[in-house]
Structure formats: C-alpha cells, structure tokens
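Chemist: Sequence and predicted structure below; questions after.
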Amino acid sequence: MANANVRVRFCPSPTGNPHVGLVRTALFNWAFARHNGGTMVFRIEDTDAARDSEESYRQLLDSLRWLGLDWDEGPEAGGPHAPYRQSERMDIYREIAEKLLAGGYAYHCYCSAQELEARRDAARAAGRPSGYDGHCRELTDEQVAAYRAEGRPAIVRFRMPDETITFTDLVRGELTFTPENVPDYGIVRANGAPLYTLVNPVDDALMEITHVLRGEDLLSSTPRQVALYKALIELGIAKEIPAFGHLPYVMGEGNKKLSKRDPEASLNLYRERGFLPEGLLNYLSLLGWSFSADQDVFSVAELIEKFDIADVNANPARFDLKKAEAINADHIRRLDVETFTQACAPWLRAPFANWAPEGFDTAAWEAIAPHAQTRLTVLSDITANVDFLFLEAPVEDEASWAKAMKPGADALLITAREKLEAANWHSADSLKEAVLAAGEAHGLKLGKAQAPVRVAVTGRTVGLPLFESLEILGREKTLARIDAALAKLAG
Ligand code: GLU
Ligand code: ZN
C-alpha cells in the first residue's frame, strides 16, 4: 500500500570513497520512498571534522547523481528542514542537549578515561556487565562542585530508562533489549562537540523521518535512539518514534563481511569498468531483496513498482561479481544502439584520439557497435574489442601470436590472402567462404583456419565475429595486415 507520508533519509558521513554497502542503503531508502510516493531526505553527517572531507562530500553527490538516486530534500535541493549538513546545525544540537540536561534526561559525567577503564576491567573480572556503571547518575551538588573545583572535564551522558526496550524491526521482527545491555551513553564530548548518538536521532526527529532503513551494523544503536526519541517526544521536540529496518550485511570473498576498505567494495571501480548505473542498481537491489523467484533482471521502474521493505531478507547477502557482470551485460543489451554507442564514448574517443591522430572513424564505429553490444559485460571491454579498427596496426599480443601462428600458419595466410583478395568485400559471407576455402586447401576446419587471420588482423585470438570485423576494416587494411604478419613470420 502506497503511503505518501513516508519520509526516509540517507545520511552518510563524508569519509573516504562511496562503497557498495553505502549505495545499497541509499538505494533501498530511495526505492522505498519512490514506491510510496514519499520523500527522500539526503543529510550529510559531517560532525567529525577530523575524518570528514569536502572531496568525499563531492563524490557522494556525484555518485548518487550518476546512479540516478535523486533526493527531494538535502544539499543543493534545499527543503523545509535546511540546512542538511550537520556541521551547519551545531546550534540546534547545543540547544537540545541543554534541554535534555535540564529535563534530567541526560547528566554530566566526570569520569576520566582511566577511571572508566579500571571499573570496566573490574566488572569484567567479576563477571558483571562491563558498560558504563551509572557512577555520575545521581551526583550530589557537593560532588559536582568538587569535580568542578578539580577542573575535571565533563561529557554529557544520556540516562537510559531502567526498562526493557522493544521495537518491531521491519526486517527482523520484534527485538528486545534489556537495560543491562544498554548502559547510559555519551551524547556530547567534553569539548562540547555533539556525537552521532545525539545528532542522528535529533535530526531524524526534526526532519520528521518515518522510516529509518540502515545497515545491520547500526542495530545496537537503535535501543538507545528509541529511548532518546521518547525523551524528545516528552520535550515536545519529536512527534513519534520512526519505524526501523536493518538491512543485512553484505559478505564478500571467503564469506567475510565486505568492508568499505575492500577494493571490490569501491563504487568508483564499477563506474570506471563501465557498469551501467541501471545494471549496478539492479544488482545491488538483490543484496537482501529479490524481485521474483524467476526474474533477476529488471528496470529501475520495475524495481520502484515492486520494492517493499517488508520483503527484505534478514540473512546476510553475498556479493557475487560474476552475477553483477551478467546482469550488467543484460542491461547493455537492452539499450538502443544509439544509447549504447554514446555510453561507450569514454572508452573510445579518449584512447583512440591519441592512437589515430587523424580522428575517430565514426562510420566504422557505428558499423561494429551492434556486434559489440551483444557481447560486452562492461563497457570498458569495448576498447580491446574494437581497437583493431582504430589503431594504425593491431596490438601486439604475444600470447595470441604464439597460439595462432603455429608452423603452417604462413602457408594458410598466403592462401587466405589470395582468396580474400578475390572475394566480395560487401559480404561477410563471401569473406567467410574465402577463409573456409583456404582452410580446405590446407586440411583445416574453419576454426583453425581463421585463427591466424584473426591474429594477423586484430592482434588477438578472441574478439568480435571475424568476417563482419574484416568487412568493416576493409579490403586494403586487411590485406596489408596479412602481409605484415607474413613478413613477421618470415623475419
Ligand atoms: N552517518 C551514519 C553512518 O554513515 C548514519 C547511520 C544511520 O543511518 O543512522 O554510519
Ligand atoms: Zn561518570
């Protein structure tokens, strides 16, 4: 059932390069918002000046735009809850921290790091829960005055209610946390800097977020946030507690959790290899969700139509590069030829402009493109598939040469050249007949006969359909390349 009141948020911290896990979270939020006709809020959680960078912020925006994941409120879009960068909202957090303190929902904690550690170790040794022990919960005025007189710095700590916290996770069902497992926690540093634990739920409340969909790694912060939310509601700052849904972990190689530092987790890698945005989105949407039992290739429109958070699976998802590539290949085939030829441009014009200074042969490209489109898994593969058309001479690939240019290859090439010279160059079939006939003359089947021709002309043992390739390259260049190969064999 569509629900236009849905307000979700994507709220990354601008650190490092965008990675697969991050994009999956953005995608599920976006698909859920779009499915419901709701609102996608994009918020930047940049309160950690030491780790956040402007470069990372730019990359985040650029990546979302490339993927087509748009936002209704957020940086550059604006909106009723602006600003959407937390670094510009510090006054708001300060004020709310004051209100929490004044209302008794939070208190100053004067414990030093060493004291906390010593008590934690003692609790562990005694087999007691090792979280914060509530030492500063009920300090008397005299104790506070004494700590102040010592010049002790104080953090602000949130007072967890002494009650069990239960909520219904949209993915995992009902979850219960007992008080001993959720101790009081810091929300403002001694230097006054507010922490994620405060600013994240505060902004969710102020921005009227209805559904918090995020990675399973954040599950442990949810009972704390639920308690903080209750305080914000009592203070008249929040309206109601949002629904939470925790998306499953993504596992990489060797069934280890995919880490944002793993090279295969980098979004830029897929972009540089020439994944289509819609191919990558299709694949990433399958990390924890499925479209249907018998269909895993679909359009973005179909994804939006079908996506529901209730169908997300709690089990860890496995990142499968082969499957991602196969799905991308399907999306490449779905493009109309015009779009395909344009999408390849970054992998064509730049490299070949250098190699063939006289300019890019657009006619040859348009002729070969349909043959390439059905065979690529990623767009960057286009370069090696068509370079024979645009380079002065074919690439030198020693392995291919050694494989195809066995003894007897020269004799075959001489015959093939003769037959090709006499063939009809407006027909790929006629060129095939020529190579077939040359093979017969030397007792070779077509496959064996065409290998030396392919390597002489394209430089490689594998590539696009050979006879169409020869036709597009043309008679003159083909014969000259066979001559050059024969000279090399003779040399
Ligand atoms: N800024 C947090 C992060 O990137 C957001 C977590 C959340 O969705 O609550 O981990
Ligand atoms: Zn304390």
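Modeler: Sure thing, it's come through. Ligands and ions are numbered 1, 2, ... in the order given.
Chemist: ok, Ala243 to Glu305 distance?
Modeler: 21 Å (Cβ to Cβ, to the nearest Å). All C-beta atoms are positioned from the backbone trio N, CA, C, and that covers glycine.
Chemist: which of these two has more neighbours?
Modeler: Neighbours were counted for Ala243 and for Glu305 using other Cβ atoms under 10 Å; Ala243 has more, 16 against 12.
Chemist: What pLDDT does the model give the nearest residue to that one once chain neighbours are set aside?
Modeler: Among residues not flanking Ala243 along the chain, His211 sits closest, at 5.0 Å (Cβ to Cβ, 6 or more residues apart in numbering). pLDDT, His211: 98.
Chemist: same check, this time on Ala356
Modeler: Ala356 is given a pLDDT of 67.
Chemist: For Leu175, what is the enclosing helix or strand?
Modeler: strand 173-177 (DSSP states H and E).
Chemist: could you point out which element follows that strand?
Modeler: strand 185-188.
Chemist: I'd say the residue nearest to Ala243 and Asp169 touch.
Modeler: No: between His211 and Asp169 there is no contact under Cβ atoms under 8 Å: 11.3 Å.
Chemist: more crowded one of those two?
Modeler: Ranked by neighbour count (other Cβ under 10 Å), His211 and Asp169 place His211 first, with 21 against 16.
Chemist: what about stretch 109-118, distance to the chain center?
Modeler: Mean-position distance between stretch 109-118 and its chain equals 40 Å (Cα atoms, centre = their mean, to the nearest Å).
Chemist: Could you pull out the buried residues of that stretch?
Modeler: Buried residues in stretch 109-118, defined by neighbour count with 16 or more other Cβ atoms under 10 Å: Cys109, Tyr110, Cys111.
Chemist: ok, the second one touching Arg152?
Modeler: Which is Tyr110. Yes: with contact defined as Cβ under 8 Å, Tyr110 reaches Arg152; the gap is 4.6 Å.
Chemist: Would you map the strands across the stretch 351-491 of the chain?
Modeler: With strands called from DSSP state E, counting those that start in this stretch, the stretch 351-491 of the chain shows none.
Chemist: Which parts of it are helices?
Modeler: For the stretch 351-491 of the chain, the helices defined by DSSP state H, counting those that start in this stretch occupy 362-373, 382-390, 398-404, 409-422, 428-441, 446-458, 466-473, 475-490.
Chemist: would TSV of those helices with mean pLDDT and mean neighbour count be doable?
Modeler: As requested, those are exported to TSV (pLDDT from 0 to 100; neighbours: other Cβ atoms under 10 Å):
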stretch	mean pLDDT	mean neighbour count
helix 362-373	95	16
helix 382-390	95	21
helix 398-404	98	14
helix 409-422	98	18
helix 428-441	98	19
helix 446-458	97	22
helix 466-473	98	21
helix 475-490	98	16
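Chemist: Between the ones you listed, which one is closest to ligand 2.
Modeler: Minimum separation from ligand 2 across these (Cβ to the ion) falls at helix 382-390, 61.5 Å.
Chemist: Counting by contacts, list what the closest one packs against.
Modeler: Helix 382-390 is packed against helix 349-355, helix 362-373, helix 466-473, with contacts defined by 3 or more Cβ pairs under 8 Å, 6 or more residues apart in numbering; DSSP states H and E.
Chemist: Alright, I will stop here.
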